[in-house]
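> no FASTA, just this:
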């Protein structure tokens, strides 16, 4: 303590010597703007005595312009020699602690505030992390110096400083106003205990959020899985089913556990941080992180499950890296077993990956071990990450959720709901995805390739390209308990035995998957490449002159800012000209100049690839594009007509694109968009009727380009209906209709030059047919054949006339009729 000039001299000397080696930084930069009343005394609370910790905190306070902890502070008539105290007693050289009472400084502060009613003491809890180990399951040597939950003696602290001192992190927290506790008049001892408890809980939750909860060594964890009653039962059943001994079945379960479990180590995390820091700076112009403060708020006291969209192999590396850099624990990440490659698989495992097979079918023992492993992670409070889409999106669209991991999570929570579970959706938006060349082949119909270690070298070889920026947006968290209360109000009163699988689980899991997907899309990061792709792919020749391009992009930017999609969506800065220059700098946009100016266009290769980036944000433009499409074949519509047709088509757009608005919210959102279109001159409102601009006007061209954003989606819808109607009632199964739609779409894409590979994506037709069944438009008979509502033909034609050109409708009808005649001839 620095009670005298000599103490201050010694402390200053030690601090200077320490910083010959130590390098520190503050994790949360918001600490520089803490909500402090500078006229009131400020004190700092550290968890345990450490001269090195105090020196680091003093240095960071000086850098941040905060009051220094080593200087005296006055509280009423009380003068404390230093503005710092420690919550727990000082351990001896071997790390042993005795039990003593409250910190004397804290007791004196409570007394002083009780005697001086107008005074306050602002206590800022501060934590110092020497290095940052996400878990304590590592070798004994690493445990000697890595930050962990073990009590740290002076000897081990010295080793920690020597080994990890150059990666020291400090986290300041919001001040605790001690006067507020004193004013509750609970008496001196109870007030001191309340303050101790608040600080103790705070330090425990913060340490869990930053370095992870206290878990055992990986080997012990895996052995613990095998001792679980459900796994023991699965072992017994495996032995009986396979006619093997219990010992052999148990050895098989241990093998599964070791195959699955991650092996978090600080060394791997630090190695990945260094390598990835170089990697991101090498290939990206910058990484933008948005809305992470909300994640920090929910990370304490909750089990966090990160659910990002899946665009690239580097998604989870990027997310783990950013969480680590922002003072949050990198999660345990579910990875496909195909990534467990030599060298790479071991590194990923040590960086937090746990591996899972693509299917659990036919292997109940593996399923039991995997379920218990996840349950252990959840109940111990470790953050987890998995992709609800299953695999990477090759088209840029959000894929239909795979509910397997969500179902495991729900069953685990029903089994033990002591730790609240919060899903954190994450949207990762790339201006250029690393696997672009691979996706280009797959978009053109090539077979999906298996991952290989050689892919890493292919990526390194592609670093000569410019990849622009990447944005990581955190969406609105989903609290599982609140979701269950909404979906199944009586779930707490039901049987919560470990093997309990309620009959409502599948439907609730499906709804949770949809909710997660919508929240991911709500956090979309719109970038210049998305908007340029949207504009040019809406033209017939994939080209615009420079002036027209600027007008289109400025319109999109204005609409996005006037009617924000969600509070978590981000829009690029700047104007149309800067967006165009940015995309040209990435060599995604070609140009040709003549006497009249520049023409901007997409060559064949980039035209296909740009459909990927357009599809990233198609859900944001779907509703305004639908409204614009109503005016392509008609010049005037009332609000009632617009609402009627919008409500008829919206459920199918929403189901395919995971649009956020419910049917109840739709009217209000449509009114906002109609007002925006009127203000931009794309529509006129006269006597309650909306009128389109003159067909020869510039505004009508802009309205047409906007409508074409979802033209191909609406064409696919009409195509499926036309084939169904021409086939007749109870003539086709869903699978047969799906195959017919795919074949017809491929034919039409050639006839009409549609350069959009997802136009004949079989999964999109499959989902549309399922949505028709869910909406009650279609029904299955006993043989699985589809029947439809008698009015479907009239309703479909009425809607199609509003949104599709006559040429497209006629072509679809002719191809569908031709197909029906061929089928009849075949009979």
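Nice, thanks for sending it over. Not measured: the values here are computed from a predicted model.
> make it CA atoms for all contacts and neighbour counts henceforth
OK.
> excluding chain neighbours, what is closest to residue 435?
residue 312 (6.8 Å; C-alpha to C-alpha, 6 or more residues apart in numbering).
> that neighbour touches residue 430, doesn't it?
No: judged on C-alpha atoms under 8 Å, residue 312 makes no contact with residue 430 at a distance of 9.1 Å.
> coming back round to it: burial count for the residue nearest to residue 435?
Counted with other C-alpha atoms under 10 Å, the neighbours of residue 312 add up to 19.
> and the gap between it and residue 425?
Residue 312 sits 16 Å away from residue 425, going by C-alpha to C-alpha, to the nearest Å.
> same thing with residue 238?
Where residue 425 is concerned, residue 238 sits at a distance of 37 Å (C-alpha to C-alpha).
> same question for residue 292.
11 Å.
> could you do residue 86 as well?
Residue 86 sits 38 Å away from residue 425, taking C-alpha to C-alpha as the criterion.
> the two: who's more crowded?
Set residue 86 next to residue 425 and count neighbours by other C-alpha under 10 Å: residue 425 wins out with 27 against 19.
> now do the same contact list for the more buried one.
306, 307, 308, 309, 474, 475, 476, 477, 516, 519, 520, 523 (C-alpha atoms under 8 Å, 6 or more residues apart in numbering).
> mind giving me the ChimeraX select for the residues you listed, buried ones only?
To isolate the buried members of these in ChimeraX, using 16 or more other C-alpha atoms under 10 Å:
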select :306,307,308,309,474,475,476,477,516,519,520,523
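> of the contacts of residue 425, which belong to strands?
In this view, these that belong to strands under DSSP state E are 306, 307, 308, 474.
> in CSV, list those residues along with pLDDT.
Shown next, in CSV, are these (pLDDT from 0 to 100):
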residue, pLDDT
306, 98
307, 98
308, 97
474, 98
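> would a markdown table of those residues with distance to residue 587 be doable?
Shown next, in a markdown table, are those (distance: C-alpha to C-alpha, whole Å):
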| residue | distance to residue 587 |
| --- | --- |
| 306 | 33 |
| 307 | 32 |
| 308 | 28 |
| 474 | 29 |
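> nearest to residue 406 among the residues you listed?
When those are ranked by distance to residue 406 (C-alpha to C-alpha), residue 307 comes first, at 10.1 Å.
> quick one: that closest one and residue 390 touch, right?
No: judged on C-alpha under 8 Å, residue 307 makes no contact with residue 390 at a distance of 10.8 Å.
> tell me the domain ranges of this protein?
Per automatic domain parsing, the structural domains of the chain span 5-211, 218-522, 622-827.
> residue 589: which of these is closest?
domain 218-522 (12.7 Å).
> quick one, strands of the stretch 301-450 of the chain?
For the stretch 301-450 of the chain, the strands defined by DSSP state E, counting those that start in this stretch cover 303-308, 332-336, 353-356, 384-385, 421-430.
> helices and strands around the fourth one, which ones?
With contacts defined as 3 or more C-alpha pairs under 8 Å, 6 or more residues apart in numbering; DSSP states H and E, strand 384-385 has these neighbours: strand 303-308, strand 332-336.
> most packed of those strands?
Ranked by mean neighbour count, the helices and strands packed on strand 384-385 are led by strand 303-308 with a mean of 25 (mean count of other C-alpha atoms under 10 Å).
> what number of residues lie near residue 805?
Neighbour tally, residue 805, other C-alpha under 10 Å: 15.
> I'd say it and residue 634 touch.
No: if you go by C-alpha under 8 Å, residue 805 and residue 634 don't touch, sitting 10.7 Å apart.
> sorry, back to before: need the domains of the chain in TSV with distance to residue 556, can you?
Compiled in TSV, the domains of the chain are given as follows (distance: least, C-alpha to C-alpha, whole Å):
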stretch	distance to residue 556
domain 5-211	33
domain 218-522	17
domain 622-827	9
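> weakest of those domains by average pLDDT?
For the domains of the chain, mean pLDDT drops lowest on domain 5-211, to a mean of 75.
> for residue 561, what are its contacts?
Residue 561 neighbours (C-alpha under 8 Å, 6+ apart): residue 571.
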